[in-house]
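[1] I would like to see how this sequence folds:
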Amino acid sequence: MTQKRKRPKSLYQRIKENTKIQTSATVILPVLLGVVIVVLWQTQTLHHLFRTDTFTLPLLDRIGSILFDNIDKIWENVVATMVVALVGLGLGSLLGYGIAMLAALCPKIGKGGLSVIGAFASIPVVALAPVMNNWTRDISDIASVRSMVAKILVVMLVAAANMGLNAYRGLTELKPYSMDLMATYAAKKRTTFLKLQLPNSVPYIFVALKVSVPASIMTAIVSEYFAEYIIGVGRQIRENIVLSQYSTAWAYIATACIMGVVSYVALMIVQSILLRKYH
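    Sure, this is the predicted structure:
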């Protein structure tokens, strides 16, 4: 019997199976999309599509000039927002991981904690932030302190939910037969937890941070809309929109985008350094 000749692969199949091309496409395609949006924006094509004007949707060169002319003031607000986001992220991640550990060691008690922080995370930030402002009204006589505590608490709850749920998966979703292997060695529960469950949860920590880092910045910005003290990128967006200073508002919106991208890239660099042995 004659063997059937294999049909040659199509160009699409070869491209799909080429890992180098696929890896390059994950960078090239978003960049191309960004270039297209920039061209459409700067040539006012977007203005015609959305039937708006350059006052409400300023051109990119106008936004860029405001960024460079007000770099000192923008940087001051960026620092204020990043302090809230990072402190809230750190405290929330520690709280979430602690609850995940409790749920893994004592499921009857800890799973209730996971449910509670999950319920808090489901509350919209626009509803949670004003409540936190009222709860923290008596913490200090200084408005800036009260405002910062309220914003940090909101960010902390969001970060705790992301970390808690993902860390619990890392502590409990183990490789097949790994628990049985520890049992054959007569390993104590403490040894199993330290040598098996904790190391297994490390990649899940970064899975949670991939969500929590951008979410913390966004939550901090939204919380600043309702904050008592007028500082931060989010508050500047609100104030400039109220004053119809749309160009300045767009400059702060662009700043918020840059903050999110830079923070995420920094996280990916740290992950690639720390998790080399997991890949």
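[2] now A103, what's its secondary structure?
    Following DSSP: H, G, I helix; E, B strand; the rest coil, A103 is assigned to helix.
[3] roughly how far does it sit from D53?
    To D53, A103 is 54 Å away according to CB to CB, to the nearest Å. C-beta coordinates here come from the backbone N, C-alpha and C atoms, glycine included.
[4] please say which of these two ends up with more neighbours.
    Using other CB atoms under 10 Å as the criterion, A103 and D53 rank with A103 on top: 23 against 11.
[5] now the residue nearest to the more buried one when sequence neighbours are not counted: how far from P203?
    With sequence-adjacent residues excluded and distances taken as CB to CB, 6 or more residues apart in numbering, A103 is closest to G110, at 2.8 Å. Here G110 is placed at a distance of 21 Å from P203 (CB to CB).
[6] mind listing the strands for the stretch 1-150 of the chain?
    For the stretch 1-150 of the chain, applying DSSP state E, counting those that start in this stretch gives no strands.
[7] tell me where it has helices.
    Using DSSP state H, counting those that start in this stretch, the helices found in the stretch 1-150 of the chain span residues 11-17, 19-42, 45-50, 60-69, 71-105, 107-121, 125-135, 143-172.
[8] right, so of those helices, which gets closest to S244?
    Among the helices of the stretch 1-150 of the chain, the nearest to S244 by CB to CB is helix 60-69 (14.5 Å).
[9] may I see the buried residues of the closest one?
    I63, I66, L67 (16 or more other CB atoms under 10 Å).
[10] still on that earlier bit, the more surrounded of G110 and P203?
    Neighbour count, other CB under 10 Å: between G110 and P203, G110 has more, with 20 against 15.
[11] now do the same contact list for the more buried one.
    I99, A100, M101, L102, A103, A104 (CB atoms under 8 Å, 6 or more residues apart in numbering).
[12] for those, which one is nearest R169?
    Nearest to R169 among the contacts of G110, with distances taken as CB to CB, is A100, at 8.5 Å.
[13] quick check: the gap between that closest one and L194.
    Taking CB to CB, one finds A100 at 15 Å from L194.
[14] which one of those two is surrounded by more residues?
    Higher neighbour count among A100 and L194: A100, with 29 against 12, using other CB under 10 Å.
[15] any idea how far that one lies from Q271?
    From A100 over to Q271 (counting by CB to CB), the distance is 19 Å.
[16] which SSE is the spatially most central residue of the chain in?
    The residue lying closest to the centre of the chain (CA atoms, centre = their mean) is P214, at 2.2 Å. Using DSSP states H and E, P214 maps to helix 198-225.
[17] now do the residue nearest to A103, the pLDDT please.
    G110 is assigned 70 on the pLDDT scale.
[18] columns distance to A220 and pLDDT on top of the buried residues of helix 60-69, output as CSV?
    Below are the buried residues of helix 60-69 laid out as CSV (distance: CB to CB, whole Å; pLDDT from 0 to 100):
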residue, distance to A220, pLDDT
I63, 22, 91
I66, 22, 91
L67, 20, 90
